[in-house]
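In: here is a sequence together with a model predicted from it:
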Amino acid sequence: MTAVGSINANAPSRRHSPGRTVVVLAVAALGALIFQASLLSFSVNPRARVPLHAQEVLDKCRALTLKPGPPSTFNNRSGSDRFQAGTRPVYIHDATIWTGRLQGLEVIRGGILIDRGLIKAVGHVPHSILPSRDDLVYIDAKGAWVTPGLVDMHSHLGAMSSPLLNGADDVNSEKGPIVPWLRSLDALNTHDEGYEHSMAGGVTTSLILPGSGNAIGGQAFVIKLRPTQERSPSAMLLEPPFGFNGSDVDSGTPPRWRHMKHACGENPAGSYGDTRMDTTWAYRHAYDTARKIKTAQDDYCSKATVGDWQSLAGREFPEELQWESVVDLLRGRVHTHCYEALDFDNFIRMSNEFQFPVAAFHHASEAYLVPDVLKRAYGNTPAIATFATFGRAKREFYRQSEFAPRILAEHDIPVIMKSDHPALFARYLMHDAAQAHYFGLSENIALASVMSTPAEVLGLDHRIGFIKDGYDADLVIWDSHPLSLGATPAQVIIDGILQFPAPYAVAKPPSHQAAPHTPDFTREAAETVEHEGLPPLAPRLSTAGTVVFTGVADVWARTTNISSEPITNTLADMPLASSSSPAGASSPGLTVFTSSLGLEEIVLEPSTRDGPVLDPLAHTPPSVAGGAGYLPRALDGLQFASRTALLAYRSGVTTGVSAPIRGPYAFLGGLSAAFALGAPHKLARGAVVQQVAALHVALQRGGAASVGTQVAALRRYLSAPRGRGGAVGSVPLVVEVHSADIIATLLVLKREVEERSGVPLRLTLSGATEAHLLAKELCEAGVGVIVMTPRPYPLTWDQRRLLAGPPLTEESAIARLIKHNVTALGESPDVLTKSAAFALVTSNVEKLLGVEVGPGEGDIVVTSGGDLLGFEGKVVAVISPRRGAVDLF
């Protein structure tokens, strides 16, 4: 029998045209394929028929077995899929390059050539491969640090847009605790002002997650932050899942990683009145639903791959659009937002029950306490995406520790720092890594925590997170070492495109061009674990005796650097310097102004808070509380020795000024008090620095009362006799306000009140984002400003007109105000000497808030290794003449 498609060697030879040959061979091959398929089908069931869509089914089944990752040809690409036509090549000359390679330890000096959105050469770049100067953007880095672009692995940019407006708040769904079919992409607002601000901090890539109001909140997408010519959310995506837009998928191409937002604990439970038990069951029910679909798919494919079409007759491939993402995650990885040990244990048990790996736990405040639990996760040890110092806002967040990143790294658990933007503004993501470094995370791991490690966890380390040939041209040129205090991008490049055509930069001193020599916190880290996140914070020793501090290089008074003489004042010899550490310093104790320090311990736990005051514009205060003359005092509700206060005290903040807590959009604050953060209780010596400091109100849009109504109420307060609540001339009036228009109204009101009363009105503005627009007028009116926060961001409508500072603007708001001789509190490295910087957080803030500190009453903070205004000093003692004590840590 002659085989189908074979050639008879005895047949006479014949010439064929090339086209004819191809057709004949193709037909022969097709005949062979059909015959073999019929034999296979017959061997299973002689009555079975091969369906017309058999190949489609087999392709789909084969795709289920593929592991996510780049195609084998990815490294052969000559240009980026995100290349923007018309982009010129870029050559960065003479850079100090942190490549991310060799566990973050490789640093080389040389150049970087960029073309078609990719890095083409790193280190020694031969002149022969450089394009002509006419076609080239040439940047002389002059030795500046260059790193990969920052990767923010937890952000709500675009989904929770800035400024915050009801019409653009799409971050959470209220349709139920389990909504995996939702996609953050569908909420991505391209007009969010946060993109530019985040890039100004060096962030080039972000994972955009839905909020944490749901147990499974939906699918997250990775984006690059630069504006695109298409101006669409889809154009910002980096390697989205194939088929996300309904396009056909090549079944032979490895799939891309997908990301799903989960949330444990208080947030989803609070949204739906659930408990942790309810949330965990909701997870398990969802994953059981997905597992049944996955099992059905696997069963279907097992039959299809052996040709058992008879068993599949009349059946479609089992899939449901609503659950396809969760089914996919059972074949992939999950991102989850969890805080506490029990949440990790619950989730890891579930990962083993349903056999899916966890990519990362986010926030994860107690992860450092349970490293062995993390290592029990199915498939791999999850990374921990956490904060450096942000914490204690919720009960489940209460044991957050500044030592968590270093402890996790010591247990070989991948550490990632992220923003949770806008909870923390993404622009300062590198600063979070710098804080983690200060508290003991090694330099290489701290840098990797915002670049290469998140890239690896996202499954994108084949193209971002490193500076290597063939990688995406996402780079940051820094004005100083990235972990130095105040490090700022001088230029940011995404896909080979310079994001700031004319960036502003501030010259940094040579000392900022190396990583800080950080203090040793080994003892404190060990105590934190020993006490399960709540180590004792009180001084190790408090004495009224005499201590001698030696090795003091600098002594900073409340206004100037006065000498370098040692301080002599207590019990034992305390050396502040050694052969391995720089000399110590003494500085004035810092004064902090907040709305809640000493009045609340856990923000979201009412039993730990003093509670908001009554707002006279919303409720008539009862006569027993003073009626029309109602003015609550913060002093009456102060809590001493809180963990927040003691943590601040151990960092050199010795005096707090707090006003009563206002409710949202409330007008009246009340009378603030100044108190000693190191005091054990109110009756202790020196605990109360000043019973009444200032009168506080707020003027803002968005509440039930108009701005005009609020100003009318303020006018009445200022017109009342002093004994009935009047404030003119007695204590400063501190008005929380951001809008320049409302500030202008206040200046008019100030002049009006002063003309009528003949008494100067001591007016201070707090908040004051737009105060820089009226710097000249504020100076002429003698009005002081407390900029809160000194790191501006357009979070609300009244904070839009800001001065962002370099690289976006030449000046910061503080710089503008100081140049116009406005007494201010904030930060501005380009216009301040160190003594002036100390004044901002001591004498200036005290003056603006009406706190009087007599000669010899000010606290002194003693540090080893450096002073308070850097990442090298560590507080070892506080000398408090007012309290008659020296506290040693």
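Out: Thanks, I have it.
In: surely I119 and G470 touch.
Out: Yes: using Cβ atoms under 8 Å, I119 makes contact with G470 at a distance of 6.7 Å. Quick note: C-beta positions are derived from backbone N, CA and C, even for glycine.
In: those two - which one has more neighbours?
Out: I119 (23 against 15; other Cβ atoms under 10 Å).
In: okay, and the beta partners of that one?
Out: According to DSSP bridges, I114 are recorded as the beta-bridge partners of I119.
In: next, count neighbours for the closest residue to R756 other than its chain neighbours.
Out: Nearest non-adjacent residue to R756, counting by Cβ to Cβ, 6 or more residues apart in numbering: S719, 7.6 Å away. S719 has 14 neighbours, counted by other Cβ under 10 Å.
In: how near is S719 to V107?
Out: 65 Å (Cβ to Cβ, to the nearest Å).
In: one more: I661?
Out: 48 Å.
In: which of these two has more neighbours?
Out: I661 (21 against 14).
In: helices of the stretch 401-550 of the chain, start to end?
Out: Assigned by DSSP state H, counting those that start in this stretch, the helices in the stretch 401-550 of the chain fall at 404-410, 429-438, 443-448, 452-457, 522-530.
In: quick one: closest of those to E872.
Out: Proximity to E872 (Cβ to Cβ) singles out helix 429-438 among those, at 8.5 Å.
In: the closest one - contacts with which helices or strands?
Out: strand 150-155, strand 415-417, helix 443-448 (3 or more Cβ pairs under 8 Å, 6 or more residues apart in numbering; DSSP states H and E).
In: paired strands for the shortest one, with orientation please.
Out: Same thing as strand 415-417. Strand 415-417 has these strand partners (DSSP bridges): strand 383-386 (parallel).
In: of all the helices of the stretch 401-550 of the chain, which one is nearest P516?
Out: helix 429-438 (7.0 Å).
In: got the angle between that closest one and strand 150-155?
Out: 100 degrees (axes from the mean of the first three to the mean of the last three Cα atoms, to 10 degrees).
In: please state the offset of helix 429-438 from the chain centre?
Out: 11 Å (Cα atoms, centre = their mean, to the nearest Å).
In: gap between A121 and F466?
Out: 14 Å.
In: between those two, who's got more neighbours?
Out: More crowded of A121 and F466, by other Cβ under 10 Å: F466, with 25 against 17.
In: next, the contact list for the residue nearest to that one when sequence neighbours are not counted, please.
Out: Counting by Cβ to Cβ, 6+ apart, G100 is the residue found nearest to F466 once chain neighbours are left out, at 4.0 Å. Neighbour list for G100: E106, T147, P148, L447, A448, M451, S452, G465, F466, I467, K468 [criterion: Cβ atoms under 8 Å, 6 or more residues apart in numbering].
In: can you pull the contacts of the last one?
Out: With contacts taken as Cβ under 8 Å, 6+ apart, K468 has the following neighbours: T99, G100, R101, I119, V122.
In: so the third one sits against D461, correct?
Out: Pointing back at R101 there. No: the pair R101 / D461 is not scored as a contact, 11.0 Å apart, by Cβ under 8 Å.
In: between the two, who's got more neighbours?
Out: Between R101 and D461, counting by other Cβ under 10 Å, D461 is the more crowded of the two (18 against 15).
In: excluding its backbone neighbours, what's nearest the more buried one?
Out: D461 sits nearest to A455 (Cβ to Cβ, 6+ apart), 4.4 Å away.
In: cool, E811 as well?
Out: E811's closest residue in space is L803 (Cβ to Cβ, 6+ apart), at 5.8 Å.
In: and the one you found, how many neighbours does it have?
Out: Counted with other Cβ under 10 Å, L803 comes out at 20.
In: phi, psi for K60 please.
Out: With angles defined as degrees, to the nearest 10, K60 sits at phi -60, psi -40.
In: okay, now the unreliable bits of the chain?
Out: In the predicted model, the chain carries pLDDT under 70 at residues 1-48, 333-335, 559-582, 721-729, 823-831.
In: if I pick the residue nearest to D461, what's in contact with it?
Out: P148, V151, T205, D461, I464, G465, F466.
In: of those, select the buried ones using a PyMOL command.
Out: Buried residues among the contacts of A455 (16 or more other Cβ atoms under 10 Å), as a PyMOL selection:
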select buried, resi 148+151+205+461+464+465+466
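In: tabulate the contacts of A455 (a markdown table), appending distance to R276.
Out: Putting the contacts of A455 into a markdown table (distance: Cβ to Cβ, whole Å) gives the following:
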| residue | distance to R276 |
| --- | --- |
| P148 | 38 |
| V151 | 31 |
| T205 | 33 |
| D461 | 34 |
| I464 | 36 |
| G465 | 35 |
| F466 | 39 |
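In: out of the contacts of A455, the closest to A507 would be?
Out: So of the contacts of A455, ranked by how close each gets to A507 (Cβ to Cβ), first place is P148, at 24.3 Å.
In: so the closest one touches S452, yeah?
Out: Yes: look at P148 against S452 with Cβ under 8 Å: they come within range, at 7.0 Å.
In: point to the residue nearest the middle of the protein.
Out: Centre of the chain computed as the mean C-alpha position; nearest residue by Cα atoms, centre = their mean is S419, 0.8 Å away.
In: for that residue, give me phi and psi.
Out: Dihedral angles (degrees, to the nearest 10) for S419: phi -100, psi -40.
In: residues in contact with it?
Out: Here S419 is in contact with D152, H154, S155, V203, F425, A426, Y428, L429, D432 (Cβ under 8 Å, 6+ apart).
In: measure it to V151 for me?
Out: For S419 relative to V151 (Cβ to Cβ), the value is 11 Å.
In: for L747, same thing?
Out: Counting by Cβ to Cβ, the gap from L747 to V151 is 45 Å.
In: same check, this time on L460
Out: Counting by Cβ to Cβ, the gap from L460 to V151 is 8 Å.
In: what do the two both touch?
Out: T205.
In: pretty sure the residue nearest to R756 sits against V753.
Out: Yes: counting by Cβ under 8 Å, V753 is a contact partner of S719 at 7.3 Å.
In: ok, back up a step: D867 versus the residue nearest to R756, what's the distance?
Out: S719 is 47 Å from D867, by Cβ to Cβ.
In: could you pull out the strands for the stretch 151-300 of the chain?
Out: 203-208, 216-224, 259-263 (DSSP state E, counting those that start in this stretch).
In: on that earlier part again, just the buried residues out of the contacts of S419, in PyMOL syntax.
Out: Selecting only the buried entries of the contacts of S419 in PyMOL, with 16+ other Cβ under 10 Å as the criterion:
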select buried, resi 152+154+155+203+425+426+428+429+432
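In: distance to L130 added to the contacts of S419, as JSON lines?
Out: Formatted as JSON lines, the contacts of S419 follow (distance: Cβ to Cβ, whole Å):
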{"residue": "D152", "distance to L130": "33"}
{"residue": "H154", "distance to L130": "39"}
{"residue": "S155", "distance to L130": "36"}
{"residue": "V203", "distance to L130": "29"}
{"residue": "F425", "distance to L130": "38"}
{"residue": "A426", "distance to L130": "34"}
{"residue": "Y428", "distance to L130": "36"}
{"residue": "L429", "distance to L130": "33"}
{"residue": "D432", "distance to L130": "37"}
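In: just flag the most distant two among the contacts of S419.
Out: H154 and Y428 (14.1 Å).
In: so which of the contacts of K468 belong to strands?
Out: I119, V122 (DSSP state E).
In: which one among the contacts of K468 gets closest to K682?
Out: G100 (52.2 Å).
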